[in-house]
Structure formats: structure tokens, C-alpha cells
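Chemist: Give me coordinates for this.
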Amino acid sequence: MHKKLKLLSEISIAAGAAIMRHRDLGGISVVKKADNSPVTAADEEANALIVAALLANFPDIPVVSEEGNLPDSRQLGDEFWLVDPLDGTRAFIRGDNDFTVNIGLIVRGVPQLGVIFLPATNELYTGAVGFGALCGENPIQTKQTISHPAKIILSQRHAEGELNYILKDYPDYVAVSASSSLKFCKVAEGSADIYPRLGPTMEWDTAAGHAILLAAGGSLTKIDGSVFDYAKPNFLNPGFIAKGN
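Modeler: You can find the predicted model right below:
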């Protein structure tokens with residue numbers, strides 16, 4: 001497990017270096033995908049690097065990536081990778097720093113390994129369920145009791161609806177927003193208590209962060225509290241709540 005995490009960390013850091021080369025060159029070229037979301041050459045280069053490295057090292061484990069051709073989720077088997085080579089593309093285009101590289105391993109419907117790397121700040125979060133979670137070399141853990149006021153972290157693009165939903169349970173709160181899977185990392189390290197998300201996401205948006213959160217002692221469920229699973233049709237996620245212990 002530790003060898004896998006070390007390798008995933010190296011892959012994510014290499015992808016991050018490729019992304020930063022594009023940013024340092026300036027003049028980021030943006031193309032709209034079919035769903036109207038943006039994609040850049042940095043997304044595509046990072047994707048090619050990650051997918052090639054995973055297939056070279058784990059040829060028997062399928063790779064599902066945001067920037068790849070999506071397979072039939074019913075035919076994936078017990079293990080598969082979920083990759084978002086550049087999560088937070090809009091933040092990357094704006095020149096912000098909270099974009100990430102995400103690699104997660106799903107085993108029998110449950111995230112088991114996760115790596116999230118922030119290329120702009122050189123921060124690396126890793127987690128293996130049953131073995132713990134790290135930021136760099138430092139162990140991290142979710143909050144064991146909720147803060148007063150509660151610290152709620154929200155998506156920049158969906159904050160209003162998510163905040164309105166959560167206020168009924170947490171009237172005393174401090175809310176902050178962030179892009180990408182960094183929100184999972186903030187809950188995993190205990191600097192936020194709750195991350196609610198009502199808007200749609202894809203499985204590659206959540207897999208790595210979900211694994212790190214579980215490894216740090218937290219949980220992620222559907223809005224109604226039921227199990228949040230993977231290999232769903234079209235890899236589309238429902239709303240969820242991520243929180244500490």
C-alpha cells in the first residue's frame with residue numbers, strides 16, 4: 001500500500017510539473033467541451049502522463065479519466081482508477097492556486113487510495129483507508145467534535161444553495177469557499193468541519209478526496225445519509241455531505 005502511494009505521489013507531482021510549465025509559459029488556450037466546461041492543453045498533457053504511468057505500472061487495473069473516453073461503468077470490475085488530471089480548471093485559467101491533480105483507486109465500490117497534489121503550492125495530500133492520511137509527511141485527522149462556530153467549506157460556484165441547505169442544521173457557522181478537491185483536504189486535516197455539495201459532480205471529482213477523508217477518519221454520504229458509491233451510470237454523482245468524525 002505504501003509503495004502504491006509513493007508511486008501515485010510521484011505520478012501526480014510529475015503531472016503537476018507539466019501543468020505548471022503551461023502556466024509559466026502564459027497564454028493558456030481554452031477549448032469548450034461538449035458539456036461547456038473548459039479544457040486546456042495542460043489538462044490534456046497531465047492526463048496523458050498519468051494514464052500512461054498507471055497503465056504501465058498497473059496494466060490490469062482500468063483507468064477512468066475526465067479527459068479520456070469513458071468506458072461502460074458496469075464492465076469495470078472490482079478495481080479501477082479515477083483520475084482528474086487538473087481539477088479546478090477554471091481556477092487554473094484565472095491564475096488562482098487551488099487547482100489539483102487527483103488520483104483515486106476504487107475497490108469494490110469504495111475508495112481505498114487517494115492522492116491530491118496542488119502544483120502551485122507544492123502541497124501533497126495522500127491517504128490509504130486503514131493506514132491513515134498525510135499532508136506531506138505529517139499525519140492529518142478530521143475534527144472529532146464540531147467547531148463552534150461550525151466551519152463550512154463550499155464550492156465557489158455553488159455556495160449559495162449549499163449554504164442555504166446547511167444553515168438549517170448549523171445556524172452558528174463560518175463559511176469559506178474554495179475550488180477543486182482542496183475542500184476534501186481541508187475537512188480531512190481538520191481546518192473545516194463540513195463540505196456540503198448539492199450541485200452535480202463526477203466520480204473523478206470525489207474519489208481521491210473521498211479516500212483521503214476516509215483515511216483521516218471522516219465520512220462522505222449522500223444528502224440523505226445513505227452510502228456514496230462508485231461505478232454509477234455515466235459516473236455522475238448525486239449531492240453529498242463530507243464531514244469529520
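
Chemist: switch to C-alpha atoms for all contacts and neighbour counts from now on
Modeler: Noted.

Chemist: report the longest helix in this structure, please.
Modeler: In the chain, assigned by DSSP state H, the helix with the most residues is helix 2-25.

Chemist: okay, it in CSV with CA atoms only?
Modeler: Presented in CSV, the C-alpha positions along helix 2-25 are these (Å, rounded to 0.1, in the frame of the first residue of the first chain):
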residue,chain,number,x,y,z
HIS,A,2,2.8,2.4,0.9
LYS,A,3,4.6,1.6,-2.3
LYS,A,4,1.5,2.3,-4.3
LEU,A,5,1.0,5.7,-2.6
LYS,A,6,4.7,6.6,-3.2
LEU,A,7,4.3,5.8,-6.9
LEU,A,8,1.0,7.7,-7.1
SER,A,9,2.6,10.7,-5.4
GLU,A,10,5.4,10.7,-7.9
ILE,A,11,3.0,10.5,-10.8
SER,A,12,0.9,13.4,-9.5
ILE,A,13,3.9,15.5,-8.9
ALA,A,14,5.2,14.9,-12.5
ALA,A,15,1.7,15.8,-13.8
GLY,A,16,1.8,18.9,-11.7
ALA,A,17,5.1,20.0,-13.1
ALA,A,18,3.7,19.6,-16.6
ILE,A,19,0.7,21.8,-15.7
MET,A,20,2.9,24.5,-14.2
ARG,A,21,5.0,24.6,-17.4
HIS,A,22,1.9,25.6,-19.3
ARG,A,23,1.1,28.2,-16.7
ASP,A,24,4.6,29.6,-16.7
LEU,A,25,4.6,29.9,-20.5
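
Chemist: by contact count, what packs against it?
Modeler: Other helices and strands packing on helix 2-25, by 3 or more Cα pairs under 8 Å, 6 or more residues apart in numbering; DSSP states H and E, are helix 41-57, strand 100-107, strand 110-118, strand 123-128.

Chemist: Select, out of these, the one closest to Asn234.
Modeler: The closest of the helices and strands packed on helix 2-25 to Asn234 is strand 100-107. By Cα to Cα, the value is 15.8 Å.

Chemist: Generate a markdown table for the helices and strands packed on helix 2-25, with mean neighbour count, distance to His22 and mean pLDDT as supplementary columns.
Modeler: Formatted as a markdown table, the helices and strands packed on helix 2-25 follow (neighbours: other Cα atoms under 10 Å; distance: least, Cα to Cα, whole Å; pLDDT from 0 to 100):
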| stretch | mean neighbour count | distance to His22 | mean pLDDT |
| --- | --- | --- | --- |
| helix 41-57 | 18 | 6 | 95 |
| strand 100-107 | 27 | 14 | 98 |
| strand 110-118 | 28 | 15 | 97 |
| strand 123-128 | 25 | 19 | 98 |
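
Chemist: Which parts of the longest helix of the chain count as buried, going by neighbours?
Modeler: Buried positions in helix 2-25, judged by neighbour count with 16 or more other Cα atoms under 10 Å: 5, 8-9, 11-20, 22-23.

Chemist: average pLDDT across it?
Modeler: Mean pLDDT, computed over helix 2-25, is 94.

Chemist: Asp96 - how many residues pack around it?
Modeler: By other Cα atoms under 10 Å, 13 other residues sit near Asp96.

Chemist: Helix, strand, or coil at it?
Modeler: coil (DSSP: H, G, I helix; E, B strand; the rest coil).
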